[in-house]
Each structure stands twice: as structure tokens, then as C-alpha cells.
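*Asks:* output the structure for:
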Amino acid sequence: MTNKRAFGLAAILLGSAFFGIGGTVLEWLHTNRSFDLGGLVPLRLIPSGLLLLLYLRLRGHDLWAIWKDRSSRSGIVAYGIGGILGMQFSFMQTVENGSAVTATLFQFLGPALIAVYIAWKNRRPPFLTEWSSFLIALAGIVLVLTNGVFGEAVFSKAGVLWGIATAFAFAFYTVYPVRLLDRWGALLCSGWGMLIGGVVYGGVSLPLPGTAWLPAGEYDALSIVLIGCVIVFGTACAFTLCAASLKYLSPTEAGILSGMEPLAAVITTVLWLMKPFGLWQTAGAVLIVASTVLLSAKPTEGLPRPARNNPSPSTMRTGP
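*Replies:* Sure thing, here's the model as predicted:
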């Protein structure tokens, strides 16, 4: 194994683990320090976006080139608001009304939804692989939500609805910016997208009654450190590592290895938060990840392939 390939494997595994652990940290902040996770959205996106842009600037990239192209200007704004902000807000609400594991697994339904959308867009019936992936993912989410006791949901209706919104937001976030990513790169688009999404959400929410620059919650040394870890490791570093891995791994390999994200979320939820995760829920989680692996092994036809150094549809995540 070459050093570059070893780096690629380590990067995708570590980046995915950071994403998964970040979701568990958010759940801890909500449960133990009463943080409003919706209020954490701009606090997470703005610094993370600035860190990505600073990283690119230090590497000599022209940060403003994307704004000189008219179609790219409108595209990056739509991506920041509809893609990244939509994804982040729905994910946070799923964690707040459900759990970090549920939110992460609902996110993994996105590739199956994308496969069905591409089939509809191309006016053809879904391929057997696409149908199989969708049905496997659907069966998996049913097991996660019921723990095998059908007719009795483990999570609240609000958590389920926000989870479905997360899956659709992930699908939009993945499909919409493919050409932007191919032209400008994942890090530049995500850096600006995070900054735009955070500023827009902050600008809209701050004038509302009861809102402030800092989200409601109990601030102490531990909570501040954990918020900082979510920003630096759970967002900026995680995304940079996952994007960098695509230089040395195929999209198929990265898609399969990104299964580390829900695994990390489950392990930290059980061991740190001391929350049980039933046998049938574990089986459901395996099915959901398997549906993504199935699509990764046979990329969906009709979706423009991103450049080699950009994340594929199955690995494009901003994490929790």
C-alpha cells in the first residue's frame, strides 16, 4: 500500500468518524446543557466556512473567482441557502427531536432518493440496483424507528418528519451543485456555502423575539470546548478530510468507507450518552448503510460525475 493510498483511507475514515461523533456531541449539548440546536446553526456554519476559505487562501486559491461568473453567483447562493443551510437546519432538528444516530441514518437515505429522482428525470424505470437500494433503505429506517415492534415508533413524530426532511435536503444538497463542484471544487463551494447559509440564517432569525447572537443554553468551560470541537473537527476538518480522500480513493471506496459515520454515531451514543440501541435497530442501520454501498458500487446513470478530486454523490456530506 502506498503512502498516498494509506492517507486516503485514513482521511475518509477519520473524517467520517468526526462527522458521526459531532452529531453525538450536539445531542449531548441539547440534553445536558439545554442548547437550542437550531440556534447553533450559524455558530457552526460561519466559523467553519471561514476556516475553509482561510485554508484555501493560504494555499493560494482565488476566493473571489466564483463571484465573477454570473451563473456561479446565483448557484452558490442557492447552494448555500437551499443545500447547506437546509441540510444543517433539518439535521439539527432531527437530533433535537430524535437522536444523532437517527439523524445520521436518515441522511444516508439521500442516495436512494437521488437514484429514484434520476430515474424519473431520465423518464425511465429505476434499475434493479436502484429499486433494491431504495427498498433496503426503507426497510432499514422502519427497523430503526420501531426496533422491530411494528406499529410502535421509538421516536417522536416530529423527529421522524424532520428526519425525512433531512433525507430530502441531503438529496438536493448532493444533486444541485454537481456542476459548481466540478468547476470550482468542493472546498471553495462549501466554504462560501457555509458562510452564506450561516449569515442568512442569522440575519433572518436574529430580528425574531427571544433570539440573540449566541444560542440559548448553559455555557460553561466544557460546553464551550465541545462547541469549538464541533466547529473545528466535526465540520471544517471532517469535510476537508473527506474531500481530500477522493484524490487517492475511488468514489466507490469512499462511499463504502463513509459508513464509519453512522458507526461512530452509534458507538458514541451507546458508550458516552448511555442510550440503548436495540438489535433490530442495529440491523436497520446495517441495511441503510448497505443501500448506500450498493449504489456506490454501481453509480447512478444520468447524474453528472464530479471531478476526481470532488466528493461523489454518495460521499458528499457536511455531516451533522
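*Asks:* can we go C-alpha only for contacts and neighbour counts from here?
*Replies:* OK.
*Asks:* which helix of this structure spans the most residues?
*Replies:* helix 3-33 (DSSP state H).
*Asks:* what is that one packed up against?
*Replies:* The contact analysis (3 or more Cα pairs under 8 Å, 6 or more residues apart in numbering; DSSP states H and E) places helix 3-33 against helix 86-97, helix 100-107, helix 221-231, helix 238-245, helix 251-257, helix 260-271.
*Asks:* okay, the angle between the fourth one and helix 221-231?
*Replies:* Think helix 238-245. 30 degrees (axes from the mean of the first three to the mean of the last three Cα atoms, to 10 degrees).
*Asks:* could you give the average pLDDT over helix 238-245?
*Replies:* For helix 238-245, mean pLDDT rounds to 85.
*Asks:* just the fifth one next, same as before
*Replies:* Here helix 251-257 scores 72 as its mean pLDDT.
*Asks:* do the same with the first one
*Replies:* Averaging pLDDT along helix 86-97 yields 94.
*Asks:* what residues of the longest helix of the chain count as buried?
*Replies:* 7-30, 33 (16 or more other Cα atoms under 10 Å).
*Asks:* show me what secondary structure element comes after it.
*Replies:* The first helix or strand that comes after helix 3-33 along the chain, using DSSP states H and E, is helix 40-58.
*Asks:* tell me, how many residues neighbour the residue nearest to G8 when sequence neighbours are not counted?
*Replies:* Closest residue to G8 apart from its sequence neighbours, by Cα to Cα, 6 or more residues apart in numbering: S245 at 4.3 Å. Close neighbours of S245, defined as other Cα atoms under 10 Å, add up to 28.
*Asks:* S245 contacts L14, correct?
*Replies:* No - in this structure, S245 is not within contact of L14 by Cα atoms under 8 Å, at 10.1 Å.
*Asks:* ok, the residue nearest to G8 to L181 distance?
*Replies:* 16 Å (Cα to Cα, to the nearest Å).
*Asks:* buried set for stretch 122-142?
*Replies:* Buried residues in stretch 122-142, counted by 16+ other Cα under 10 Å: 126, 129-134, 136-142.
*Asks:* from those residues, which ones fall inside strands?
*Replies:* Counted as lying in strands by DSSP state E, out of the buried residues of stretch 122-142, is not a single one.
*Asks:* identify the farthest-apart pair in those residues.
*Replies:* Greatest spatial distance among those (Cα to Cα): P126 and V142, at 21.8 Å.
*Asks:* ok so, going back, dump the buried residues of stretch 122-142 to JSON lines, plus pLDDT and distance to C229.
*Replies:* Below are the buried residues of stretch 122-142 laid out as JSON lines (pLDDT from 0 to 100; distance: Cα to Cα, whole Å):
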{"residue": "P126", "pLDDT": "80", "distance to C229": "41"}
{"residue": "T129", "pLDDT": "83", "distance to C229": "38"}
{"residue": "E130", "pLDDT": "81", "distance to C229": "37"}
{"residue": "W131", "pLDDT": "84", "distance to C229": "39"}
{"residue": "S132", "pLDDT": "87", "distance to C229": "38"}
{"residue": "S133", "pLDDT": "84", "distance to C229": "34"}
{"residue": "F134", "pLDDT": "85", "distance to C229": "34"}
{"residue": "I136", "pLDDT": "90", "distance to C229": "34"}
{"residue": "A137", "pLDDT": "88", "distance to C229": "31"}
{"residue": "L138", "pLDDT": "87", "distance to C229": "33"}
{"residue": "A139", "pLDDT": "90", "distance to C229": "34"}
{"residue": "G140", "pLDDT": "89", "distance to C229": "31"}
{"residue": "I141", "pLDDT": "87", "distance to C229": "29"}
{"residue": "V142", "pLDDT": "86", "distance to C229": "32"}
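*Asks:* contacts only, for F7.
*Replies:* S245, Y248 (Cα atoms under 8 Å, 6 or more residues apart in numbering).
*Asks:* what's the distance between it and M92?
*Replies:* Applying Cα to Cα, the value for F7 to M92 is 31 Å.
*Asks:* swap in S156?
*Replies:* 15 Å.
*Asks:* neighbour count winner among these two?
*Replies:* The residue with more neighbours, out of S156 and M92, is M92; 27 against 12, by other Cα under 10 Å.
*Asks:* shaky segments in this structure?
*Replies:* Residue ranges of the chain with pLDDT under 70: 1, 151-154, 206-213, 251-252, 297-320.
*Asks:* for stretch 55-69, list every residue counted as buried.
*Replies:* For stretch 55-69, burial by neighbour count (16+ other Cα under 10 Å) applies to Y55, L56, L63, I66.
*Asks:* thinking the third one is in contact with L54, fair?
*Replies:* No - taking contacts as Cα under 8 Å, L63 lies outside contact range of L54: 9.1 Å.
*Asks:* just to revisit the earlier point, between the buried residues of stretch 55-69, which is nearest P111?
*Replies:* I66 (27.3 Å).
*Asks:* who's in contact with that closest one?
*Replies:* Here I66 is in contact with S72, R73, W184 (criterion: Cα under 8 Å, 6+ apart).
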